[in-house]
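A.B. asks: Provide a 3D model corresponding to the input given below.
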Amino acid sequence: MEFRLHPEVIHTAESAGARLEVIEFDPQPTESPLEGFQQLLSRPARWRQLALQLSGGNAVLEPGALQYLRGEIDLQASASGGAGGGLGGLLRGAVTAAATGESLFKTVYHGRGVIYTEPTRLHLLLGALQEEELIVDDGAFVACAGNITVGRHVNRGLAAMLGSGEGRVQPKLSGTGVFALQSPVHPSEFQILELRGETLKVDGNLVLAYTNGLTFSVEKSTRGLLASGRSGEGYVQVYRGTGRVWLAPTLPIHTLAQTLVTSA
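C.D. replies: Predicted structure coming up:
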């Protein structure tokens, strides 16, 4: 069965010298409705792509995200998360990257033109930072533009509960600009929670990102992500302080649906 692709810009975000656009390709079945329905069951119906339009600004992409670019744009490999710089910082970063599987280098783009990322079946969530830091879930970061640097955040909340000496390394975005994250959840289904000196407890890995004004910890609960063999208790993720949380309540539904489609 053949599909005709109709690209359409569905979301945008702008910063100084840069504009992010989410392009969605809507496949239209060319044969009978029954065959079209069967095709949609066999794979997700839509593909999405991120276009970064630079007019003299900077952008950072996750390694492997680039598909092609047009214009006068320079590329430069930059060591991520290395405060202080120097060979010592680079080597420490290399050790961390090797231990966590995270790429040491991210590509920085500068100039005038358009950058296109590899198409994905995941949804692309756009957001903005204003002199803030954003902690991002593993594998969710796609790109950012403006005056944003990409580094590492060592999250020791889970490690402390499990008695492990090493923390979980996550991407950290710092500065002012716009960013793009990927998720199986549609942007309209996210709740962006504004916490003002409050406590948020989440049972499940439903948080895609949170600002660094919040402290993260893991506490015991009667049910949760990690079951204890002795007590039957689990854990919840706890966020305290002032800041924003990107929460996806419908993530379990999407995960189940994807499992059913894959196994069909």
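A.B. asks: who touches Glu24 in this structure?
C.D. replies: Contacts for Glu24 (CB atoms under 8 Å, 6 or more residues apart in numbering) come out as Pro7, Glu8, Val9, Ile10, Arg46, Trp47, Arg48. The C-beta positions use only the backbone N, C-alpha and C, and glycine is treated the same way.
A.B. asks: Secondary structure element for it, which one?
C.D. replies: Under the criterion of DSSP states H and E, Glu24 resides in strand 18-29.
A.B. asks: Domains in this protein, by residue range?
C.D. replies: 3-186, 191-247 (automatic domain parsing).
A.B. asks: ranking the ones you listed by mean pLDDT, which is last?
C.D. replies: Mean pLDDT per stretch puts domain 3-186 lowest among these, at a mean of 78.
A.B. asks: Mind jotting down where the strands sit in the stretch 151-264 of the chain?
C.D. replies: Taking DSSP state E, counting those that start in this stretch as the test, the strands found in the stretch 151-264 of the chain are 168-183, 191-202, 207-211, 214-221, 234-247.
A.B. asks: okay, the ones you listed in TSV with mean neighbour count and distance to Ile135 next?
C.D. replies: What follows is those, written out as TSV (neighbours: other CB atoms under 10 Å; distance: least, CB to CB, whole Å):
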stretch	mean neighbour count	distance to Ile135
strand 168-183	22	6
strand 191-202	13	14
strand 207-211	22	6
strand 214-221	16	8
strand 234-247	19	10
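A.B. asks: mind putting those in CSV, distance to Gly113 included?
C.D. replies: Below are these laid out as CSV (distance: least, CB to CB, whole Å):
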stretch, distance to Gly113
strand 168-183, 17
strand 191-202, 31
strand 207-211, 28
strand 214-221, 37
strand 234-247, 29
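A.B. asks: Those: which one's closest to Leu52?
C.D. replies: Of all those, strand 168-183 sits nearest to Leu52, with 8.3 Å by CB to CB.
A.B. asks: List the neighbouring strands of that closest one plus their orientation.
C.D. replies: Strands adjacent to strand 168-183 in the sheet, as given by DSSP bridges, are strand 123-136 (antiparallel), strand 141-155 (antiparallel).
A.B. asks: What is the neighbour count of Gln67?
C.D. replies: Residues within reach of Gln67, counting by other CB atoms under 10 Å, total 12.
A.B. asks: Okay, and it sits in which element?
C.D. replies: Assignment of secondary structure by DSSP H and E places Gln67 within strand 66-79.
A.B. asks: Show me which residues of that strand are buried.
C.D. replies: Within strand 66-79, the residues that count as buried by 16 or more other CB atoms under 10 Å are Leu66, Leu69, Ile73.
A.B. asks: Direction included, what does that strand pair against?
C.D. replies: Partner strands for strand 66-79, per DSSP bridges, with pairing direction: strand 105-117 (antiparallel).
A.B. asks: Taking strand 18-29 as reference, get the angle to the strand it pairs with.
C.D. replies: 50 degrees (axes from the mean of the first three to the mean of the last three CA atoms, to 10 degrees).
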